[in-house]
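> Model the following, please.
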Amino acid sequence: MASRTNKQGIAKKKAQQAKQASRIRGAKRFDYPKRKLELEEAKELGIVGIYTNGKGSTYHWFLRGRKVCWETRLRTDPDGYRYIRTPSGGSEMVIAPSSGWTRTKMKKMVRKR
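Got it, this is the predicted structure:
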């Protein structure tokens, strides 16, 4: 009997390699220093910028990669606004429905302060 090729094993290996390659590509977006930065230092390096949400409150946001709020370390600010990219290439702040996980995380953060 002739030996069979391990098609599933080959496909699994290729998928794993593709996943690893995309992970490396994604890491290039975060080319700023990984050390724990103070807010003022991060502003000077151009890592953090200030955005005003629809309520009129201003919060600090990371400028590169995913838009993450400095104050909450989440993708939403304390008022529940999220920074999104529009299909036309622009960007805007929109109010985001908060999930149970986000609400719980915010409560814990407020309690710690």
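
> which stretches of this structure form strands?
For the chain, the strands defined by DSSP state E occupy 48-52, 58-62, 81-85, 91-95.

> Low-confidence stretches in this structure?
Across the chain, the ranges flagged by pLDDT under 70 are 1-2, 25-35, 113.

> Grab the nearest non-local neighbour of the residue positioned nearest the centre of the chain.
Closest to where the C-alpha atoms of the chain average out (CA atoms, centre = their mean) is residue 66, at 3.4 Å. Excluding the flanking residues, the one nearest residue 66 by CB to CB, 6 or more residues apart in numbering is residue 75, at 6.6 Å. Quick note: C-beta positions are derived from backbone N, CA and C, even for glycine.

> Based on its surroundings, how many neighbours for residue 102?
By other CB atoms under 10 Å, 16 other residues sit near residue 102.

> Now do the contacts for it.
Residues in contact with residue 102 (CB atoms under 8 Å, 6 or more residues apart in numbering) are 74, 76.

> Starting from residue 68, give me the distance back to the residue nearest to residue 66.
Relative to residue 68, residue 75 is positioned 6 Å away (CB to CB, to the nearest Å).

> swap in residue 78?
According to CB to CB, residue 78 and residue 68 sit 13 Å apart.

> again, but for residue 4
Counting by CB to CB, the gap from residue 4 to residue 68 is 48 Å.

> ok, those two, which is more surrounded?
Each of residue 4 and residue 68 has its neighbours counted (other CB under 10 Å); residue 68 has more, 18 against 6.

> I'd say that one and residue 59 touch.
No: taking contacts as CB atoms under 8 Å, residue 68 lies outside contact range of residue 59: 10.8 Å.
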